[in-house]
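**Q** Build me a structure from this.
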Amino acid sequence: MPDPSLLQAQLSHLQTLQARYDHILEAHGYDAVLISSGAAPLRYADDQSHHHQGFGPFLHWTGLVGIEHSWLLVRAGYKPQLWLHTPVDFWHASPSLPTEPWAAVMALHTCEQTDAPVVSGVGRLAVVGDPAQVHKVPGDQNPVALVQALDAARVHKTHYELACIDHANAAAAPGHLAAREAFLAGGSEFEISLAYQRATGQREADAPYHSIIGLNHHAGTLHYQHYEVPPPSVSRSLLIDAGYRYRGYCSDITRTTAAPGEGHFQALIDGVQQLQRRLCDAVAPGVAYADLHDKAHQGLAALLTASGLVTGLEDDAVVAEGISRAFFPHGLGHLLGIQVHDVAGKPYPSPEHAPFLRLTHTLEPGMVLTIEPGLYFIPSLLEPLMAGPLKGHINAALIEALQGCGGIRIEDNVAVTNTGARNLTRAHLPA
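**A** Numbers count the residues shown, from 1 in each chain. Purely as a prediction, here's the structure:
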């Protein structure tokens, strides 16, 4: 059973959601919204389904991960109504009605059918969810402006949500330590994955995303998706990007480890680590996240010149000429919550010089975001640089020596407070 204070915080969370939804429904001319839990689609030409985590707005209210064919009705002035799909089924386990205190603030029903409940007498109804589940349900299906407003209601986290994300960070920390130990013991990517799962007690399918576990040059593929079973003949580096899901909420943490004897690569890790800590410390209300992204490039430029990877240029020129982008091609981070790349992160388009930036807000209290600068040796990005007009400033020999280490990323989850920020990751995983 979770801590009683967390369960009490969830009741306050639901009150906040009710107030937010009441305001949104009135502003958009709706009397009620019916939210689908979603369901896992079958694979093409197969009787096996994909794994189902849950639809964001449904999880926002219930935290019931993996529930399918269930429905939640939210209406101003009434208890939310939850229809939980509980089929009579000897093939699979069926969910049971929740017994935690939050369930008492809802009207709970069980249903054997997968169809939406018949909702009448509610006035103008919006229906939101996967079109595959809602396309036949009476009401306005996924009205764009309303859905955008519901997404925006997830940007500022309640105390309950912050506690869940903090717990998700605490639960992921032992996995990262176990992964590091498995790497230093000579483990393969597959063995490191198993070590992470054992330490966290979480199946891969239940994680908030497919863990990225890259040894050596695989660490240079940003979303490397495989787990090699045999270990490499020589292990030089590990990059692990892995999280944990708790009551629907995600952590998203990345660490990079150098093997003993990789002194130059370790120095680069230390440099990225110092840069990442400075960026985390700079998180505060009123700070434009795009400016933090630019500060990351300025810091990376200083590291590139200090390490000898780039020579003969001022740091500003390293950024202006696009050199830092070749080593650090992705955005600095994103919002975090029920989804790893949480919704409503871009009220404005990404800057032209940072097309992959997923977060363009000016930071406000209650936001939770990631800070994840990187430095990578990606051939498709560096080879044109080394063959172009700036090649005299690029240390090709050093790049070649380090390319087998793949790359570096350090990622923490940071909550914006009224006066600054709270690093939810470093509280449990200092290094």
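
**Q** Strands along the stretch 1-150 of the chain, start to end?
**A** 32-36, 71-75, 81-85, 107-111, 125-128, 140-141 (DSSP state E, counting those that start in this stretch).

**Q** The nearest residue to residue 210 once chain neighbours are set aside: what secondary structure?
**A** Once flanking residues are discounted, residue 210 sits nearest to residue 225: 6.3 Å by CB to CB, 6 or more residues apart in numbering. Yep, even glycine has a C-beta here, placed from its N, CA and C like the rest. State at residue 225, reduced to three classes by DSSP: H, G, I helix; E, B strand; the rest coil: coil.

**Q** returning to what we had before: right, and the strands of the stretch 1-150 of the chain - which one's nearest residue 305?
**A** strand 125-128 (50.1 Å; CB to CB).

**Q** other SSEs contacting that closest one?
**A** When contacts are defined as 3 or more CB pairs under 8 Å, 6 or more residues apart in numbering; DSSP states H and E, strand 125-128 packs onto strand 32-36, strand 140-141, helix 144-152.

**Q** these two touch, right, residue 315 and residue 300?
**A** No: assessed by CB atoms under 8 Å, residue 315 is found out of contact with residue 300, at 9.2 Å.

**Q** Show me which of the two is the more surrounded one.
**A** residue 300 (24 against 19; other CB atoms under 10 Å).

**Q** Help me confirm that the more buried one comes into contact with residue 278.
**A** No: between residue 300 and residue 278 there is no contact under CB under 8 Å: 11.5 Å.

**Q** which residues touch residue 42?
**A** Contacts here follow CB atoms under 8 Å, 6 or more residues apart in numbering; on that basis residue 42 touches 48-50.

**Q** what about the residue nearest to residue 210, distance to residue 51?
**A** Distance, residue 225 to residue 51, using CB to CB, to the nearest Å: 15 Å.

**Q** same thing with residue 144?
**A** Taking CB to CB, one finds residue 144 at 28 Å from residue 51.

**Q** quick one, which of these two is more surrounded?
**A** Using other CB under 10 Å, the more surrounded residue of residue 144 and residue 51 is residue 51, with 10 against 7.

**Q** Tell me which of the strands of the stretch 1-150 of the chain approaches residue 348 most closely.
**A** Among those, strand 125-128 comes nearest to residue 348, with 24.2 Å by CB to CB.

**Q** If we go by neighbour counts, what in that closest one is buried?
**A** The neighbour-count criterion (16 or more other CB atoms under 10 Å) identifies 125-128 as the buried residues of strand 125-128.

**Q** now do stretch 329-342
**A** 329-342.

**Q** CA atoms of it as PDB?
**A** What follows is stretch 329-342 as a C-alpha-only set of coordinates in PDB (Å, rounded to 0.1, in the frame of the first residue of the first chain):
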ATOM      1  CA  PRO A 329      22.200  17.200 -32.700                       C
ATOM      2  CA  HIS A 330      19.200  16.800 -30.500                       C
ATOM      3  CA  GLY A 331      17.300  19.200 -28.200                       C
ATOM      4  CA  LEU A 332      18.200  19.700 -24.600                       C
ATOM      5  CA  GLY A 333      15.100  18.000 -23.300                       C
ATOM      6  CA  HIS A 334      11.400  17.800 -23.000                       C
ATOM      7  CA  LEU A 335       8.400  17.900 -20.500                       C
ATOM      8  CA  LEU A 336       8.000  14.800 -18.400                       C
ATOM      9  CA  GLY A 337       4.900  13.300 -16.800                       C
ATOM     10  CA  ILE A 338       2.500  10.600 -17.800                       C
ATOM     11  CA  GLN A 339       4.200  10.400 -21.100                       C
ATOM     12  CA  VAL A 340       8.000  10.400 -21.400                       C
ATOM     13  CA  HIS A 341       7.900  13.100 -24.000                       C
ATOM     14  CA  ASP A 342       4.900  14.700 -22.400                       C
END
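
**Q** Which parts of the protein are helices?
**A** Secondary structure of the chain (DSSP state H): helices at 4-27, 56-62, 131-134, 144-152, 159-184, 189-200, 263-281, 289-306, 315-320, 323-327, 379-387, 396-402.

**Q** closest to residue 253 out of these?
**A** Of the helices of the chain, nearest to residue 253 by CB to CB is helix 159-184, at 5.4 Å.

**Q** most neighbours per residue, which of the helices and strands packed on strand 125-128?
**A** Most buried of the helices and strands packed on strand 125-128 by mean neighbour count (mean count of other CB atoms under 10 Å) is strand 32-36; its value is a mean of 24.

**Q** what about the residue nearest to residue 396 when sequence neighbours are not counted, neighbour count?
**A** Sequence neighbours aside, residue 386 is the residue nearest to residue 396 in space, at 5.0 Å (criterion: CB to CB, 6+ apart). Other residues within reach of residue 386, judged by other CB under 10 Å, total 17.

**Q** distance of residue 299 from residue 273?
**A** Per CB to CB, residue 299 is found 11 Å from residue 273.

**Q** Neighbour count for these two, which is higher?
**A** Shown here are residue 299 and residue 273; by other CB under 10 Å, residue 299 has more neighbours (21 against 16).

**Q** got a list of what the nearest residue to residue 218 once chain neighbours are set aside touches?
**A** Among residues not flanking residue 218 along the chain, residue 224 sits closest, at 4.9 Å (CB to CB, 6+ apart). Listed by CB under 8 Å, 6+ apart, the contact partners of residue 224 are 212-214, 218, 239.

**Q** residues near the closest residue to residue 66 other than its chain neighbours, how many?
**A** Leaving aside its chain neighbours, residue 66 sits nearest to residue 52 (5.8 Å; criterion: CB to CB, 6+ apart). Residue 52: 17 surrounding residues under other CB under 10 Å.

**Q** Flag the shaky bits of the stretch 1-150 of the chain, pLDDT-wise.
**A** 1 (pLDDT under 70).

**Q** at 90 instead, please
**A** Scanning the stretch 1-150 of the chain for pLDDT under 90 picks out the ranges 1-3, 40-42, 44, 47-53, 86-98, 111-114, 120.

**Q** List of residues touching stretch 318-325?
**A** Contacts of stretch 318-325 (CB under 8 Å, 6+ apart): 294, 297-298, 300-301, 304-305, 310, 313, 353, 385, 390, 393-394.

**Q** Recalculate using a threshold of 10 Å.
**A** Here stretch 318-325 makes contact (CB atoms under 10 Å, 6 or more residues apart in numbering) with 294, 296-305, 309-310, 313-315, 317, 327, 353-356, 375, 381-382, 385, 388-390, 393-394.

**Q** Much appreciated, bye for now.
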